[in-house]
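*Asks:* When you get a sec, could you give me coordinates for this:
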Amino acid sequence: MRPLTIKIIHDEHSALAAMLRSIPLLLAEQRRHMTLPDAAGFAALRALLFYVDEFPERRHHPKESQLLFPKLRARAPEIRPLLDRLDEDHLRGERAIRDLEHALLGFEMMGEARRAAFEVMAERYVRAYLQHMELEEREILPLALQVLSPQDWAELDDAFATNKDPLTGHLPEAEYEQLFQKVLRAVPAPLGLGPAL
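*Replies:* Numbering: from 1, shown residues only. Down below sits the predicted model:
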């Protein structure tokens with residue numbers, strides 16, 4: 001039976017990938033119409049970035065870096081350089097999301113003069129994040145299934161089970177209800193998280 005941790009990580013990665021892919025789609029739609037986002041468009045972009053900051057950066061990454069990766073370092077020392085790289089990505093992620101949020105604010109306040117800078121930064125951020133998750137799923141999770149013990153999985157499952165990301169099917173915590181409604185409205189339906197939910 002597949003450990004709960006693996007399912008949670010896959011589910012969270014899928015939800016996050018859909019969120020991230022929606023950012024360039026929203027921007028492309030505005031470019032196609034040769035318009036700037038309206039107030040609702042900027043609010044949607046802010047909600048998407050705030051979600052990334054609140055959930056993956058503060059809940060998902062710390063559990064990988066503080067719980068999963070140390071177990072893998074102990075069981076598979078040959079993977080340490082890759083785990084170090086992924087930990088560095090996690091550390092840079094907090095700064096990167098703040099920089100992207102600031103660039104969005106600049107775009108909203110300054111208009112067209114800041115559009116290209118935000119779009120380039122957003123594209124770079126999305127690409128790097130998707131590559132990071134793909135690397136974890138291709139290299140780290142299969143290795144974890146091979147080398148971690150049932151006791152390791154029990155500890156990880158207990159910790160990861162506390163993740164309650166509404167985009168993976170959990171009811172939102174009361175304080176996040178409004179945010180998740182904004183996020184769901186912002187994500188295009190073809191990505192699987194839009195208004196159809």
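
*Asks:* By mean pLDDT, point me to the weakest helix or strand of this protein.
*Replies:* helix 177-186 (a mean of 73; mean pLDDT, DSSP states H and E).

*Asks:* helices or strands up against it?
*Replies:* Contact here means 3 or more CB pairs under 8 Å, 6 or more residues apart in numbering; DSSP states H and E; on that basis helix 177-186 packs against helix 4-32, helix 39-52. To be clear about C-beta, it is placed using only N, CA and C from the backbone, and glycine gets the same treatment.

*Asks:* Wait, D157 touches R2, no?
*Replies:* No. The pair D157 and R2 fails to qualify as a contact (CB atoms under 8 Å) at a distance of 10.5 Å.

*Asks:* okay, those two: which has more neighbours?
*Replies:* Neighbour count, other CB atoms under 10 Å: between D157 and R2, D157 has more, with 15 against 9.

*Asks:* Now do the contacts for that one.
*Replies:* Shown in contact with D157 (CB atoms under 8 Å, 6 or more residues apart in numbering): 3-5.

*Asks:* now the residues you listed: which count as buried?
*Replies:* 3, 5 (16 or more other CB atoms under 10 Å).

*Asks:* Among the contacts of D157, which one lies nearest to L26?
*Replies:* T5 (31.8 Å; CB to CB).

*Asks:* Could you verify my assumption that the closest one touches T162?
*Replies:* No. Here T5 does not reach T162: they are 11.4 Å apart, not a contact under CB under 8 Å.

*Asks:* Return the distance of E155 relative to K7.
*Replies:* Using CB to CB, to the nearest Å, E155 is found at 16 Å from K7.

*Asks:* for A43, same thing?
*Replies:* 32 Å.

*Asks:* A17 now?
*Replies:* From A17 to K7 the distance is 16 Å (CB to CB).
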